[in-house]
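Asker: here is the input, now give the coordinates:
(one chain, ligands or ions: 2)
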Amino acid sequence: MVEEEHTQEFILEKECELRFEVESKGQKVELELKSGLAEVFGTELVKQKKYKFSNGSKVAVFTWHGCTLQLTGRTEVAYIAKETPMSIYSNCHQALEELRKKADEDDLPGPVVMIVGPRDVGKTTLCKILLNYAARMHRRPTYVDLDVTRAQICMPGCIGAIRVERQLNPAEGFHVQSPLTYHFGKLSPNDNIDHYNIAVTELAKHSKLTDNKKTKISGTIINTPAWVKGESEKLILHAIESFKVDAVLVLDQERLYNELVKIKPESLKAILIPKSGGVVAKSQLQRDEIREIFIKEYFYGGRIPLYPHSFEVKWSDVNIFKIGAPLLPSSCMPVGMKVEDNSTKIVNITPSLSILHHVLCVTFAQSAETIFETNLAGFVVVTNVDVDRQCLTLLSPQPGPLMHNHLILSDLQFMDTH
Ligand code: ATP
Ligand code: MN
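Answerer: Numbers count the residues shown, from 1 in each chain. Ligands and ions are numbered 1, 2, ... in the order given. The predicted structure follows:
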């Protein structure tokens with residue numbers, strides 16, 4: 001419940017932002033634009049409309065020309081900042097607009113821009129800002145999320161793409177109907193870099209397919225996992241190549257920028273841009289919570305509740321695969337034989353208790369051979385394994401039986417406590 005008595009009013013001058021956080025469990029804070037113009041991460045606010053933010057929200061309301069805002073409910077932090085990098089972010093958007101106009105004239109694909117940077121520098125936020133600004137210009141950009149650690153547009157452990165047709169709802173973030181999703185199944189690209197790169201190649205190939213001119217010229221904005229020195233270079237370069245990236249925006253770190261300049265193809269533009277002082281770091285616990293909430297909402301809904309289904313399937317009616325087999329130690333190999341790299345081997349597994357609570361990705365693939373190149377139809381969770389009867393119980397957004405019987409095991413787990 002919103003505490004009616006707890007109302008704060010803020011008067012912002014031009015090019016300032018109000019930053020606030022909602023921390024306590026169960027708290028909701030309502031934001032209302034009273035006068036002037038304002039935006040949340042690029043989305044224009046509608047005057048007199050109440051935007052409800054739930055706990056975990058860390059928000060900035062920026063104004064180009066000045067405004068009056070009202071917050072109702074308990075905020076942990078709420079202050080006005082005068083220093084923001086918004087004019088730089090807006091310049092990035094302007095540059096992309098110029099490229100889109102040029103693409104339109106020449107009937108070529110629009111700009112492909114990738115955002116990289118270390119942890120907690122506002123990578124995802126910058127993607128949102130650029131996407132929202134594009135949507136405000138009636139563009140229809142493609143958003144690609146290569147970050148498997150977070151859940152923004154698809155299940156954690158997966159990578160995906162969506163077309164953004166309108167500004168995001170500031171209180172809900174990405175509203176995802178049906179992203180184009182590819183399985184990876186692990187929470188860090190480095191857990192299986194070869195498989196990760198295959199998934200990125202496939203996503204790049206398929207997310208580009210379009211007959212729609214508006215989509216084509218609007219270009220692509222690519223979000224990436226936090227850059228870890230010595231680990232991320234290979235995957236960033238692979239993604240740059242796969243998506244034919246035109247420009248990389250490096251958030252915050254000069255060291256990382258210099259690193260990228262050293263290894264990047266010559267033709268690729270790299271631009272160092274500052275992070276916002278408002279970006280809030282997340283603890284590991286908060287990251288785990290965000291993931292958990294995403295999975296829960298996939299099955300049970302958020303603001304609008306969903307009613308998932310639970311049903312049994314016989315082991316004989318499904319094929320469960322996992323990617324990668326353990327390496328055989330070379331001592332087990334016959335003399336003269338090399339140890340095979342099994343990291344991208346597709347292995348057919350027999351259900352056992354070890355898959356209990358695991359997320360299974362339902363693939364459109366009709367055969368094991370086409371698993372890598374085929375996108376996902378959805379997700380189910382294994383809620384019971386009956387070894388005697390050779391049955392699995394699945395939690396699924398759709399009623400049984402399964403429409404597709406090829407499933408891929410993910411490392412991700414979900415305890416269905418409903
Ligand atoms: P990760 O490394 O986890 O991918 P990131 O670099 O993508 O993080 P964001 O998720 O964009 O960082 O931002 C971290 C948090 O800071 C988010 O909750 C976001 O809403 C908040 N945030 C971003 N910019 C601002 C700002 N100017 N004022 C207040 N909060 C902000
Ligand atoms: Mn992010």
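Asker: contacting residues around the residue of the chain found nearest ligand 1?
Answerer: Nearest residue of the chain to ligand 1 (CB to the nearest ligand atom) works out as Gly278 at 2.4 Å. (Glycine included, C-beta is placed from N, CA and C.) Counting by CB atoms under 8 Å, 6 or more residues apart in numbering, Gly278 touches 17, 19, 58, 60, 81, 84.
Asker: recalculate using a threshold of 6 Å.
Answerer: 19, 60 (CB atoms under 6 Å, 6 or more residues apart in numbering).
Asker: so it sits in a helix?
Answerer: No. Using DSSP: H, G, I helix; E, B strand; the rest coil, the assignment for Gly278 is coil, not a helix.
Asker: residues near the spatially closest residue to Thr125 that is not a sequence neighbour, how many?
Answerer: Take Thr125 and drop its neighbours on the chain: the residue closest to it by CB to CB, 6 or more residues apart in numbering is Phe41, 5.6 Å away. Using other CB atoms under 10 Å, the number of residues around Phe41 comes to 23.
Asker: could you report the neighbour count for Ile355?
Answerer: Ile355, neighbours per other CB under 10 Å, totals 20.
Asker: now do Gly160
Answerer: Neighbours of Gly160 (other CB under 10 Å): 24.
Asker: pull the distance from the host helix or strand of it to the chain's centre.
Answerer: Element membership for Gly160, per DSSP states H and E: strand 158-163. When distances are taken as CA atoms, centre = their mean, to the nearest Å, strand 158-163 is centred 7 Å away from the chain's centroid.
Asker: which residues touch that strand?
Answerer: Contacts of strand 158-163 (CB under 6 Å, 6+ apart): 140, 142-146, 153-154, 179-184, 199, 203, 207, 215.
Asker: so which of the residues you listed are in helices?
Answerer: Taking DSSP state H, the ones among those that sit in helices are 199, 203, 207, 215.
Asker: just send those back as TSV, with pLDDT and neighbour count too.
Answerer: Below are the ones in helices among the contacts of strand 158-163 laid out as TSV (pLDDT from 0 to 100; neighbours: other CB atoms under 10 Å):
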residue	pLDDT	neighbour count
Ala199	98	25
Leu203	98	26
Ser207	94	23
Thr215	96	20
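Asker: want to throw those into a markdown table with distance to ligand 2?
Answerer: Conversion of those to a markdown table gives the following (distance: CB to the ion, whole Å):
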| residue | distance to ligand 2 |
| --- | --- |
| Ala199 | 18 |
| Leu203 | 17 |
| Ser207 | 18 |
| Thr215 | 24 |
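Asker: for ChimeraX, what selects the buried ones among the contacts of strand 158-163?
Answerer: Here is the ChimeraX command that selects the buried residues among these (16 or more other CB atoms under 10 Å):
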select :140,142,143,144,145,146,153,154,179,180,181,182,183,184,199,203,207,215
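Asker: out of the contacts of strand 158-163, which are inside strands?
Answerer: 142-145, 180-183 (DSSP state E).
Asker: now these in a markdown table, with pLDDT?
Answerer: Below are the ones in strands among the contacts of strand 158-163 laid out as a markdown table (pLDDT from 0 to 100):
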| residue | pLDDT |
| --- | --- |
| Thr142 | 97 |
| Tyr143 | 97 |
| Val144 | 97 |
| Asp145 | 96 |
| Leu180 | 96 |
| Thr181 | 96 |
| Tyr182 | 97 |
| His183 | 96 |
